[in-house]
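[1] sharing a model prediction with you, sequence too.
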Amino acid sequence: MGKYLLNKETQKIELHFGKTEYMALSEQQKREIKSSFLWSRTAGAWVSRSINNHYWAIQTAQKLGLEDAGTIGERLSYAEELERKSERAESRAERYEQYSENAEKRAVTLQADFNKYRKDWSWLTQPIIAGHAGSQAFARHRNKVIARYERGFEEYKKSEYYQDRAATARTTANNAKLNDKVYLDNKIKECNKTLKFHQENIAKYENALYKVQQGEILKKRSGEPLTPDYIEQRISERLEKYEWEHDKLEFFEKALSDLGGIQFSRANIKPGFIVSIRNSGRQCEVVSCGPVNVTYKILYGGAAGMVLTDPYAAIVEIVEAKEKTEEIKNPFVVGDILCKCRPADNSIYKAYQVIKTTKTGVKLQQIAVENGLPIPDKFTGEAAKQKKIVKNKWSDFVGVYDDDWQLHKYEPKAI
C-alpha cells in the first residue's frame, strides 16, 4: 500500500501513500490516522503528532499494512534545532504582526463612517417616522453604520490578540530563556536525569542481549521472543538518544558558563543572610540551605512574610552576610500536655504528657482523652516517644511534630 519511516531531522514518523489509497480507507482507519498524524504539505505526507514516543503512531502504520522504510535524514544537534525553532518563531512573529496590522486597518475602515457621522449628534438622535420611506431608509443606513462600528471593535480585539501572539513569538525567537540562570540550571538537571535513564536502559538491553546469546528465551510484552538483532537495534537507538542528550547538556552548560555560572551554594550562603532574588530584585532572608535549593523569607512588599524555595541560581547577590545564630529554646516543662487537634473543629484527637525534658527535646507519654478533654497522668500504656524541638520554616511555630501533626500545648479554659 505504502510505507512509513522515521525522519531523523524532525524526529517524527511519516506515512507515505497516494490519495487514491487514502480514499479507499474506511472511516475508522481515517479517524485513527487523524488521531495520531497531521497532514504536512511540506513533507507531502502524514506526520506524527508525537516526537519522542512513537508507539501509537507505529501501531497505526502497522495496522494499515504499511511497509517499514527505516529512517531518512540526519538528526540535528540541539543548537541546530534551537536555531531552526528560532527561525520559525521569527517567521511566525512577522506573520502575526501582519495579521495585527491588517485587523487594525479593517477596524479603521469599518468605523470610518460612524466617526464621520458622529460629529453631528443629530444624526444619532434623528427620530424615525413610521411609514415614511425616506426616514426608514435612513434608519436602515444608520443601523448598518452602527453595526459596522461594533464590528470594528472586534477587529481591534483581533489586532491586540495577534500583537500578543507576535510578542510571544519574538520572545521565543530571541531565546531570552538562555539568559536565565535558573532556567539553564533546571535544564541541566533534566538532562542529567534523562542521561541516567538512558544509561539504565542501555544496561538492561545489554544484559538481555547477553542472556539471549547464552540461549535463554526472553519475550516481548506481545509474547514474541526477543532476537539479538532486535535488541542490538534498541541499543543503537538508545545510544543515539544518549549522544544527543549529552550534546544538549553540553549546550546548556556552556550557556550557563557564559553567564558566569552559579556563584552561590551552601558553602557561601548561610541562614540569616539577606540576599537579592532574581527578576523582582526583592530582598529576602535565608531561612535554610539545602544541597540543591535555598529557602528564603520575603522581607518587604505585599508578599512580605511568605517563604519560598528556589535553586541557588536564583540568588543575584548577597546584601548582608550576617549569619543567624539563634538557638531554639525548649518551651516545655515536665507535666505540660501537648495535643493533636482535628483541623475541622479544633477538637482534641490525641494527647500526650511531657514526662522528661532536655535542652533540645521532650519525652512524651500518651494520656487518655475523655469527653474531648485530656486526663493528666492517666497514661494509655503506649511506649514513650522522644521528640526534638524544631522551628517551622514556613511559620513561627516552635515545638514538636508527631506524624506531621503539630502538637500544641493544652491550656485549660478558665471557669
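    Thanks, I have it.

[2] next helix or strand past whichever strand or helix holds A57?
    Using DSSP states H and E, A57 sits in helix 55-63. Sequence-wise, the next helix or strand downstream of helix 55-63 (DSSP H and E) is strand 67-72.

[3] what packs against the next helix or strand after that next one?
    Counting by DSSP H and E, the next helix or strand C-terminal to strand 67-72 is helix 78-117. Counting contacts by 3 or more CB pairs under 8 Å, 6 or more residues apart in numbering; DSSP states H and E, helix 78-117 packs against helix 133-174, helix 228-258. (C-beta placed from N, C-alpha, C; glycine too.)

[4] nearest to K19, of these?
    helix 228-258 (32.4 Å; CB to CB).

[5] quick check: which of the helices and strands packed on helix 78-117 is nearest to N53?
    Using CB to CB, the helices and strands packed on helix 78-117 put helix 228-258 closest to N53, at 11.8 Å.

[6] hang on, the earlier thing: tabulate the helices and strands packed on helix 78-117 (TSV), appending mean neighbour count, distance to L407 and mean pLDDT.
    As requested, those are exported to TSV (neighbours: other CB atoms under 10 Å; distance: least, CB to CB, whole Å; pLDDT from 0 to 100):
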stretch	mean neighbour count	distance to L407	mean pLDDT
helix 133-174	15	49	91
helix 228-258	16	44	93
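
[7] how about JSON lines for those helices, with distance to A79 added?
    Formatted as JSON lines, those follow (distance: least, CB to CB, whole Å):
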{"stretch": "helix 133-174", "distance to A79": "15"}
{"stretch": "helix 228-258", "distance to A79": "6"}
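
[8] pull the helix or strand with minimum mean pLDDT from the protein.
    helix 122-125 (a mean of 78; mean pLDDT, DSSP states H and E).

[9] in that one, which residues are buried?
    Residues of helix 122-125 classed as buried: none (neighbour count, 16 or more other CB atoms under 10 Å).

[10] name the residues that touch that helix?
    Y117, R118, R142 (CB atoms under 8 Å, 6 or more residues apart in numbering).

[11] if we can go back for a sec, out of the helices and strands packed on helix 78-117, flag the one nearest I367.
    The nearest among these, by CB to CB, is helix 228-258 at 56.2 Å.

[12] who does that closest one touch, helix- and strand-wise?
    Counting contacts by 3+ CB pairs under 8 Å, 6+ apart, helix 228-258 packs against helix 78-117, helix 181-213.

[13] and the angle for the last one with helix 228-258?
    Which is helix 181-213. Going by axes from the mean of the first three to the mean of the last three CA atoms, to 10 degrees, helix 181-213 is angled at 160 degrees with respect to helix 228-258.

[14] same thing with the longest one?
    Computed by the same axes, to 10 degrees, the angle separating helix 78-117 from helix 228-258 equals 60 degrees.

[15] what angle sits between helix 78-117 and helix 133-174?
    160 degrees.

[16] now the residue nearest to T380 when sequence neighbours are not counted, what's its secondary structure?
    Nearest residue to T380 in three dimensions, chain neighbours excluded: Q366, at 4.8 Å (CB to CB, 6 or more residues apart in numbering). Here Q366 is recorded as strand under DSSP: H, G, I helix; E, B strand; the rest coil.

[17] next: L338.
    Under the three-state scheme (three-state DSSP), L338 adopts strand.

[18] what helix or strand is the nearest residue to it once chain neighbours are set aside located in?
    Spatial nearest neighbour of L338, chain neighbours left out: L407 (3.9 Å); criterion: CB to CB, 6+ apart. Using DSSP H and E, L407 maps to strand 405-409.

[19] show residues contacting that strand.
    Contacts of strand 405-409 (CB under 8 Å, 6+ apart): 331-332, 336-341, 352, 364, 387, 392, 397, 399-401.

[20] buried subset of those?
    F332, D336, I337, L338, C339, K340, C341, Y352, L364, K387, G399, V400.

[21] which one of the residues you listed sits closest to L299?
    G399 (24.6 Å).

[22] the inter-axis angle of whichever strand or helix holds that closest one versus strand 405-409?
    Here G399, judged by DSSP H and E, is contained in strand 398-402. Going by the same axes, to 10 degrees, strand 398-402 is angled at 130 degrees with respect to strand 405-409.

[23] ok, and what's touching strand 398-402?
    Here strand 398-402 has contacts from 328-329, 331-332, 338, 340, 352, 361-362, 364, 385, 387-392, 406-409, using CB under 8 Å, 6+ apart.

[24] ditto for stretch 82-95
    The contact list for stretch 82-95 (CB under 8 Å, 6+ apart) reads L76, R165, A166, A167, A169, R170, T172, A173, N174, N175, F251.

[25] then stretch 381-390?
    328-332, 352, 355, 360-366, 398-402, 407.

[26] what do you get if the cut-off is 6 Å, keeping everything else the same?
    Residues from elsewhere that reach stretch 381-390 (CB atoms under 6 Å, 6 or more residues apart in numbering): I328, N330, T360, G361, V362, K363, L364, Q365, Q366, V400.

[27] ok, K211 to V319 distance?
    For K211, the distance to V319 (CB to CB, to the nearest Å) stands at 60 Å.

[28] L364 now?
    From L364 over to V319 (counting by CB to CB), the distance is 41 Å.

[29] got it, and A139?
    Distance from A139 to V319, by CB to CB: 70 Å.

[30] just A255 next, same as before
    Applying CB to CB to A255 and V319 gives a distance of 27 Å.

[31] also E253?
    29 Å.

[32] and what of Q386?
    40 Å.

[33] with neighbour numbers in mind, choose between those two.
    Legend: neighbour count by other CB atoms under 10 Å for Q386 and V319, higher for V319 (14 against 11).

[34] that one in helix, strand or coil?
    strand.

[35] that one: what's it in contact with?
    V319 neighbours (CB under 6 Å, 6+ apart): I274, S276, Q283.

[36] out of those residues, which is nearest to N179?
    For the contacts of V319, the nearest to N179 is S276 (17.2 Å; CB to CB).
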